[in-house]
Every structure is written in structure tokens, then in C-alpha cells.
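Asks: Curious how this folds, go ahead:
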Amino acid sequence: MSTPSLDTLLAECSDPKGPVVLAADSLSVDEANHLVSALAARNIQARVLDGSRLSGKADLLRELAAAFAFPSYFGHNWDALIDCWSDMTWLPARGYLCVLLRADALRTADAATHDAFLTACHDVAERWRRHDPHIVFKLLRVAPAVPAASVPDKR
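Replies: Numbers count the residues shown, from 1 in each chain. Predicted coordinates:
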């Protein structure tokens, strides 16, 4: 994994096809904000979350609800997240993107929440693809690559 250029990220984040979860080794807050602005010009609503500020599921769901202005009836559980992100009538756009900076911090703090979040993103993207294949839904996961020598051998 490496960090693509901002132009490459912009293209990948704007394309309704391709992977749901995009990866970058690093992205500064300024670069993330630049990406958000460029996506807004393409009518894609993008929000930035900092994984180092998230200790688990409750923090993540609260931050997502605030960032994407979820309705007051949002239930703060995975099903509610999937339902809200699959609707978004209150925030009409051509697409939606969550940039998760320091994603490794969330994974370290609560691996189950991190993994459930990735699953939820895939579920939402699949719903959008069935409903309208032109809608973009992606997660940009920003975390340093794990050196090959650090990855345990699972043989």
C-alpha cells in the first residue's frame, strides 16, 4: 500500500466502480480537506474522521452521525448506520465518502469495531449499487502500511 497522488485519490473516490475501501499510507489533515473540497465540487459529500479520537463503536457511530448529519432517529447501531447511509435523502449528492485518518488507531483500540465498520461500508456500497449504480460510496482508510517482516506467518 502506498499513498496515491491527490489527483489519483480524487479519481478513485469519484468512481462508483472499483473497491469500496480505498487505502493510503498517509494523508495530512490539509490534504484530506483539499480532497473533501475537490469532491464537493463533484457533488460528493465527504467527511473526515480521526481514528485516534475513536475508542470504539460508540465514538465511531457518534462521530459519523454528527459528520453526516444523521436524523435524530439514528439508533447508534450497525443496522441504523447501514440504513441511514443507504438513504441520505437529507444530504442529497452524487456520492458519499468517509475519510478515516489514522485508521490503525481505531483498529488498535477496538479491532472488532474497525472490522464491523469495514463490513458496514461494504454493505452500504452494495445497497447503493443495487439502487443506483451511479452513486459513489467509499471509505478512504488512511493508515501506514504494515512492513512485511511485521506480518505474522500464518502457516
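Asks: Centroid-nearest residue for the protein?
Replies: Residue closest to the average C-alpha location in the chain (CA atoms, centre = their mean): L139, at 2.6 Å.
Asks: State the helix or strand in which that residue lies.
Replies: Element membership of L139 [criterion: DSSP states H and E] is strand 136-142.
Asks: chain center to that strand: distance?
Replies: 4 Å (CA atoms, centre = their mean, to the nearest Å).
Asks: Excluding its own residues, what touches it? List them.
Replies: 9, 12-16, 19-27, 32, 35, 44, 85, 94-103, 117-118, 121, 124-125, 128 (CB atoms under 8 Å, 6 or more residues apart in numbering). Every C-beta, even on glycine, is put in place using the N, C-alpha and C of the backbone.
Asks: Please repeat the previous calculation with a cut-off of 6 Å.
Replies: Contact with strand 136-142 is made by 13, 16, 20-24, 27, 44, 95-101, 103, 121, 124-125, 128, as judged by CB atoms under 6 Å, 6 or more residues apart in numbering.
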